[in-house]
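1. A structural model of the following input is requested.
(one chain, ligands or ions: 1)
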Amino acid sequence: MSFDPARDRFRTFGRAKGRTLSPAQAALMEAHWPRLELRPGDALPPGPRWLEIGYGMGSHLLHLARTHPDVSVIGAEPFLNGTAKVVTGVDHEKLNNVRLFRGDVRELMAALPEACLARVLILFPDPWPKARHNKRRLIRTAFVEELSRVIEPGGRLLFASDIPHYVDWALSRFRAHARDTGHGFDWTGFDPERPPEGWPGTKYEAKARREGRTPYWFELVRADT
Ligand SMILES: C[S@@+](CC[C@H](N)C(=O)[O-])C[C@H]1O[C@@H](n2cnc3c(N)ncnc32)[C@H](O)[C@@H]1O
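-> As a prediction, this is how the structure comes out:
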């Protein structure tokens, strides 16, 4: 399935740029970006490959790369300042298993071959809580279809959210996809109230907790068909 500007016309993210990068950040971007950038259609890094969608300021993505040196960690995020933060971390920690796409992950996914990802993480996607903005939510029927195309059978999807309405919305779409296709996502028996082992936290999760909201985690497995 390709990226369809008519179907995918609603922007799912807020800002793509914040403060001007510091001269040091700009210099690191210039030095490392050509090596780190993964454009749609580029040859993929070696497997196993994990994709973190919407990594924000990138602390969780850096944690993944640091703790799983044998995994190629791919990040997709349109926010330049978060990208610069990850590039700085990659430089400081000398990580060599990170590739980054700066933009709408749906464009990257449309160019991915089937079953090329062992794991996908969607951690606290933009909630778009107002009813008139719900159409901007990333997790939609077409997106769930794309996820099930690019995740390998037996591969895992971790989804976290602190917005009960988004949780219901997302789970009902995963359930409907499984029912309609017979090869969707199954539960892994994961407890939604407990973070995965070794969970380092994310910036948005900390904000949610400060504001009195409870985070939930859902681990799904791509049916082995
Ligand atoms: C609420 S923030 C959460 C950031 C981070 N995961 C965390 O927990 O701190 C959601 C992030 O998803 C990104 N995002 C939204 N739509 C996206 C898309 N279509 N492709 C890639 N990233 C997206 C936004 O730019 C934003 O940084």
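2. okay, now K94: neighbour count?
-> Here the number of neighbours of K94 (other C-beta atoms under 10 Å) works out to 6. Using the backbone N, CA and C atoms, a C-beta is placed for each residue, glycine as well.
3. looking at this, W217 is in a strand?
-> Yes. Residue state for W217 (DSSP: H, G, I helix; E, B strand; the rest coil) corresponds to a strand.
4. I'd like the distance between it and the ligand.
-> As judged by C-beta to the nearest ligand atom, to the nearest Å, W217 and the ligand stand 12 Å apart.
5. may I have the beta-bridge partners of the residue nearest to that residue when sequence neighbours are not counted?
-> On the basis of C-beta to C-beta, 6 or more residues apart in numbering, the spatially nearest residue to W217 that is not a chain neighbour turns out to be A160, at 4.8 Å. The residues listed as beta-bridge partners of A160 by DSSP bridges are L123, W217.
6. and the next element down the chain from the helix ranked longest in the chain?
-> Ranked by residue count under DSSP state H, the longest helix found in the chain is helix 164-181. Moving toward the C-terminus from helix 164-181, the first helix or strand encountered (DSSP states H and E) is strand 185-187.
7. residue ranges for the strands of this protein, please.
-> Listed in chain order, the strands found in the chain under DSSP state E are 49-53, 72-76, 98-101, 117-123, 151-161, 185-187, 216-222.
8. TSV for the ones you listed, including mean neighbour count?
-> As requested, the strands of the chain are arranged in TSV below (neighbours: other C-beta atoms under 10 Å):
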stretch	mean neighbour count
strand 49-53	25
strand 72-76	26
strand 98-101	24
strand 117-123	22
strand 151-161	20
strand 185-187	17
strand 216-222	20
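9. quick test: name the residue nearest the centre of the chain.
-> Most central residue of the chain, judged by C-alpha distance to the mean C-alpha position with C-alpha atoms, centre = their mean, is I53 at 1.4 Å.
10. returning to what we had before: comparing the strands of the chain by mean pLDDT, which bottoms out?
-> Mean pLDDT is lowest for strand 185-187 among these, at a mean of 89.
11. follow-up on the earlier one: just checking, what packs against the longest helix of the chain?
-> helix 141-150, strand 151-161, strand 185-187, strand 216-222 (3 or more C-beta pairs under 8 Å, 6 or more residues apart in numbering; DSSP states H and E).
12. and these as JSON lines, adding distance to R209?
-> Converted to JSON lines, the helices and strands packed on helix 164-181 look like this (distance: least, C-beta to C-beta, whole Å):
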{"stretch": "helix 141-150", "distance to R209": "27"}
{"stretch": "strand 151-161", "distance to R209": "12"}
{"stretch": "strand 185-187", "distance to R209": "25"}
{"stretch": "strand 216-222", "distance to R209": "12"}
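13. among these, which is nearest K203?
-> Distances from K203 to each of the helices and strands packed on helix 164-181 were compared by C-beta to C-beta, and the smallest falls on strand 151-161, at 12.6 Å.
14. what angle separates the closest one from strand 216-222?
-> Counting by axes from the mean of the first three to the mean of the last three C-alpha atoms, to 10 degrees, strand 151-161 lies at 170 degrees to strand 216-222.
15. which elements pack onto strand 151-161?
-> Helices and strands touching strand 151-161, as assessed by 3+ C-beta pairs under 8 Å, 6+ apart, comprise strand 117-123, helix 164-181, strand 216-222.
16. make it 6 Å
-> When contacts are defined as 3 or more C-beta pairs under 6 Å, 6 or more residues apart in numbering; DSSP states H and E, strand 151-161 sits against strand 117-123, strand 216-222.
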